[in-house]
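A.B. asks: sequence-free structure coming up:
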C-alpha cells in the first residue's frame, strides 16, 4: 500500500525540520519484544501540523523510510528544535 494509507497524510508534503522549536514524536510498533518492529512514526509540531512516515497500513517500516525519519530528527535537532516523545524512554 502507498504512503497515503492514512487519509490525513499528504505524501506530497515535504517535511521541514524547522517547526518553531518543539516537536512531538510518537510511534507504533508490532509489540514490545526484541524482534518487534516500528510500523509508523508521527511528528507533530507546535502548530499542530503532523508528518507521518510508514511503509503501508500496519507494515514494518522499511530501512529506507526509517532512515528518512532519522534524517528528519537529526536535522530538526541541529536546527535547534526540542524533541519530545510519548513514552519514548519506557515504551515504544
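C.D. replies: Sure thing, it's come through. Please read all numbers here as calculations on a predicted model, not as lab measurements. Numbers count the residues shown, from 1 in each chain.

A.B. asks: contacts and neighbour counts: CA atoms only from here.
C.D. replies: Will do.

A.B. asks: could you list the low-confidence segments of this protein?
C.D. replies: Counting by pLDDT under 70, the ranges of the chain that qualify are 1-20, 88-92.

A.B. asks: center of this structure - which residue?
C.D. replies: Geometric centre of the chain, nearest residue: residue 41, 2.9 Å, by CA atoms, centre = their mean.

A.B. asks: the closest residue to residue 21 other than its chain neighbours: neighbouring residues, count only.
C.D. replies: Leaving aside its chain neighbours, residue 21 sits nearest to residue 81 (4.1 Å; criterion: CA to CA, 6 or more residues apart in numbering). Residue 81 has 19 neighbours, counted by other CA atoms under 10 Å.

A.B. asks: run a quick check on residue 81 versus residue 46, I expect a contact.
C.D. replies: No - the pair residue 81 / residue 46 is not scored as a contact, 10.6 Å apart, by CA atoms under 8 Å.

A.B. asks: helices of the chain, residue ranges please.
C.D. replies: Listed in chain order, the helices of the chain (DSSP state H) span 63-78.

A.B. asks: strands of that one, start to end?
C.D. replies: For the chain, the strands defined by DSSP state E cover 22-29, 38-45, 50-54, 82-85.

A.B. asks: which residues sit against the second one?
C.D. replies: Going back to what we said before, that points to strand 38-45. Identification of contacts with strand 38-45 by CA atoms under 8 Å, 6 or more residues apart in numbering yields 19-20, 22-30, 50-55, 58-61, 69.

A.B. asks: what angle sits between it and helix 63-78?
C.D. replies: Relative orientation of strand 38-45 and helix 63-78, computed by axes from the mean of the first three to the mean of the last three CA atoms, to 10 degrees: 30 degrees.
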